[in-house]
Structures are given as C-alpha cells and as structure tokens.
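Student: sharing a sequence plus its predicted fold:
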Amino acid sequence: MMWNTQHGERVLVNAEAKLFAASVWDMVQSEMLEENLHEDVPVFAALTYPQKIATLHQVTHALFRPDVPVPELTAVLAGTVGAVLQNVSMHIEAEVTAETGNTSFRTLVGQACREVVDEAKEEFKFPEDSCDGLDEWEFCVGCLHDSLLEDDDYLGEGMYVDLPPEKGAALRAWMGVKPEYFQAIADDPTQPQMEILRDEIVALCREVYDTGNAKAAKPRRKAGGKKRKSNDKS
C-alpha cells in the first residue's frame, strides 16, 4: 500500500522522492513551521506546530514506505502535500533571486518532472537547471502536484464556510467533495511524542534523500495525543 495518486497506488522513488524529502527535511529542521510561512495553504497553516509535525510524519511515511497503508485523503493531508510543494517553489524563487548559481532545487524538480512526465507519456519541454524563469518552474512544480493529487480542493474550504449549510452541501456534492474531507481532524501529539515524530521524519527523509527510496521497516507508530479540528489554532 502507499499513496493513492493519479498513476495508481505507489511510493515515491528516485528524484521525485529526493525532492519531497529535501523539502520536508528543510521544513522540519528550520523555523518555517513555527513562523507559519505557508499561508497560501490555509488548511495547513491553521494547524498548530505539533499537528504539522504529525501530518508531515503521516504523509512522508505514506509516500515513502510500501508497508504503510494508503491513508484516506483529507484536506489536512492533501494540504500538507501542497505545503511541501509550496516550500519547493519558495526555494526555487530564492535560488533565482540570489543569483549565486545554486540550482539544487531546480535540478531536483527538473529530474523529478522528467520521471513523472515520462511515466505519463506526455510531451513537455523541460527547462535547463539554470533557467531563471519562475513561470517555467512553477509549471513543473504543478506537474508534480498533479502527479500526487487529483485536484486542489484542499484550498477551497473557504468556499463553503460562508454559505448556508444546504447550499454548502450542494456545492460539495456538485464538486465531488465528500463532507468528511474537510471535517477530518489532525493528530495533536504531546511534546515528547512530537519530538519522536520529528526525529523519525528527519531520519526517513535523510535515508530517502541519500538513496532515493526507503526500505520497509517496522510499522510506524501512531502519533497519539488528543485530536483537534484542522482549523483550530488554539
């Protein structure tokens, strides 16, 4: 089992896996999660720091390890994937703006996009690693997003909030969004539990970044702790 994508149930390998691992590793090791720099993905930004660690743990294990059952996709999990890819876009913009010649994220995005597009048997003109056109790279990141998620419904929670319940339900039905998609709650681990999960994320991402895949190991431990609604900032 793994992650249910547009190309079926699979785990990430090679450049696609390395790119995702590099982005998650960066998010967890830096202060980005606490500074809340992912406001473009409200469902992820609304989570507390421990909840973000818990969802990143769940997503990375589902995407990297073949022994982890496919999770039921919710706005929280999809938004977590979206936030990881948004982080990739932020690093690409930083590389272009800095003009230092560093192309680390651009190189990985190009390699990963080639893998995804080749798998989908589509035609696409790939940018060179040194390309400084943000539109070209944003298109590549979009291709990687679409290879993991069928849509960006996780961005649309606000569409339903201000509507009367019956109209909101009708709109969700018309768009094919299940009611529980936005109602799912994120794990809220205690401080000791969160630290364990964070260490496990770092170890897993390091392994994947170094090798391009993760070996199946013992079944992952549940995050535990109480749960809160995904939009609970307290």
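Tutor: Thanks, I have it.
Student: elements contacting the lengthiest helix in the chain?
Tutor: Longest helix in the chain, counting residues (DSSP state H): helix 75-98. With contacts taken as 3 or more Cβ pairs under 8 Å, 6 or more residues apart in numbering; DSSP states H and E, helix 75-98 sits against helix 14-29, helix 42-45, helix 49-64, helix 104-120, helix 134-148. For every residue, glycine as well, the C-beta is placed using N, CA and C.
Student: buried stuff in it?
Tutor: Buried residues in helix 75-98, counted by 16 or more other Cβ atoms under 10 Å: 75-92, 95-96.
Student: would you mind writing the CA trace of it as PDB?
Tutor: Output in PDB follows, covering the C-alpha atoms of helix 75-98 (Å, rounded to 0.1, in the frame of the first residue of the first chain):
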ATOM      1  CA  ALA A  75      -8.000  18.300   3.200                       C
ATOM      2  CA  VAL A  76      -5.400  18.200   6.000                       C
ATOM      3  CA  LEU A  77      -3.300  15.500   4.300                       C
ATOM      4  CA  ALA A  78      -3.700  17.000   0.800                       C
ATOM      5  CA  GLY A  79      -2.900  20.400   2.200                       C
ATOM      6  CA  THR A  80       0.300  19.000   3.800                       C
ATOM      7  CA  VAL A  81       1.400  17.800   0.400                       C
ATOM      8  CA  GLY A  82       0.500  21.100  -1.100                       C
ATOM      9  CA  ALA A  83       2.600  22.900   1.600                       C
ATOM     10  CA  VAL A  84       5.600  20.700   0.900                       C
ATOM     11  CA  LEU A  85       5.400  21.600  -2.800                       C
ATOM     12  CA  GLN A  86       4.900  25.300  -2.000                       C
ATOM     13  CA  ASN A  87       8.100  25.100   0.000                       C
ATOM     14  CA  VAL A  88       9.800  23.800  -3.100                       C
ATOM     15  CA  SER A  89       8.500  26.800  -5.100                       C
ATOM     16  CA  MET A  90       9.800  29.100  -2.400                       C
ATOM     17  CA  HIS A  91      13.300  27.600  -2.600                       C
ATOM     18  CA  ILE A  92      13.300  27.900  -6.400                       C
ATOM     19  CA  GLU A  93      12.400  31.600  -6.100                       C
ATOM     20  CA  ALA A  94      15.200  32.000  -3.600                       C
ATOM     21  CA  GLU A  95      17.700  30.300  -5.900                       C
ATOM     22  CA  VAL A  96      16.700  32.600  -8.800                       C
ATOM     23  CA  THR A  97      16.700  35.800  -6.700                       C
ATOM     24  CA  ALA A  98      20.000  35.100  -5.000                       C
END
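Student: what sits against residue 215?
Tutor: By Cβ atoms under 8 Å, 6 or more residues apart in numbering, residue 215 lies in contact with residue 207.
Student: need the pLDDT of it.
Tutor: As predicted, residue 215 sits at a pLDDT of 74.
Student: got it, and residue 119?
Tutor: pLDDT for residue 119: 61.
Student: what do you get for residue 166?
Tutor: 56.
Student: with residue 158 instead?
Tutor: Predicted confidence (pLDDT) at residue 158: the value is 48.
Student: ok so, going back, now the longest helix of the chain: mean pLDDT?
Tutor: pLDDT averaged over helix 75-98 gives 95.
Student: residue nearest the centroid of the chain?
Tutor: Nearest to the geometric centre of the chain sits residue 81, at 1.5 Å (Cα atoms, centre = their mean).
Student: so what's that one closest to, chain neighbours aside?
Tutor: Using Cβ to Cβ, 6 or more residues apart in numbering and skipping residues adjacent in sequence, the residue nearest residue 81 is residue 148, 5.6 Å away.
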